[in-house]
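# Just the structure for this:
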Amino acid sequence: MAHSIKRQDRRNAMTRRLATHAAVLMALSATGACLGTPTDARAAAAADPFTGRWAAMGISPVVIAAPDSHHQIQITLPDELHAITRHQFTLTRHDHTTLQSINRDPLVTFRMVSENSADLTIKGNKPGQMLDLPLSRDD
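Numbers count the residues shown, from 1 in each chain. Below you'll find the model as predicted:
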């Protein structure tokens, strides 16, 4: 009889542990933190068609970050374009295919031509501050 009580105690302990583990796994899956389940921010970033590295012949890639919580997008230009303008700009969505800089001097426009190609245009007030650069995905 003592042997069957010990066996029952072990079963009860195992049942409690399994219930605890199940509760923890359910809580983690609800937050998206379990086993690489994408969170809303990562899912939104992956779905954004502008995000990623964009290449042009002869220069380092242009990098477009995922939108932040204010729907603003950071673009980082390569060092080779430093003579024309600074390296980073904040862009917002102008329409479904176009991003534009918040500040207008210079006006930076990134326009998707297709899923894998785009045009980067920079127009400033300084002499020679103009660029039209065709880009393709650098994935």
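
# Just confirm Pro134 is within a strand.
Yes: judged by DSSP: H, G, I helix; E, B strand; the rest coil, Pro134 forms part of a strand.

# so who does it touch?
Counting by CB atoms under 8 Å, 6 or more residues apart in numbering, Pro134 makes contact with Ala56, Ser117, Ala118, Asp119. Heads up, the C-betas are built off the backbone N, CA and C, glycines and all.

# again, only using 7 Å
Pro134 sits next to Ala56, Ser117, Asp119 when contact means CB atoms under 7 Å, 6 or more residues apart in numbering.

# Kindly indicate the member of those with the most neighbours.
When neighbours are taken as other CB atoms under 10 Å, the top entry among the contacts of Pro134 is Ala56 (18 neighbours).

# so what are the domain limits for this structure?
With automatic domain parsing as the criterion, the domains of the chain are listed as 1-37, 40-137.

# just curious, which of the contacts of Pro134 is nearest to Val108?
Nearest to Val108 among the contacts of Pro134, counting by CB to CB, is Asp119 at 11.5 Å.

# distance of that closest one from Asp68?
Note on Asp119: its distance to Asp68, by CB to CB, to the nearest Å, is 24 Å.

# Check Thr90 too.
Distance, Thr90 to Asp68, using CB to CB: 9 Å.

# So if I had to pick from those two, which one is more boxed in?
Relative neighbour count places Thr90 above the other of Thr90 and Asp68, with 16 against 12, counting by other CB under 10 Å.

# so where do the strands sit in this structure?
Here the chain has its strands, by DSSP state E, at 52-56, 59-64, 72-76, 88-95, 98-101, 107-114, 117-123, 130-137.

# Kindly reformat these as TSV and extend each row with mean pLDDT.
As requested, these are arranged in TSV below (pLDDT from 0 to 100):
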stretch	mean pLDDT
strand 52-56	95
strand 59-64	95
strand 72-76	95
strand 88-95	94
strand 98-101	96
strand 107-114	96
strand 117-123	96
strand 130-137	96
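
# and the ones you listed, which is most packed in?
Of all those, strand 98-101 carries the top mean neighbour count, a mean of 20, counting by mean count of other CB atoms under 10 Å.
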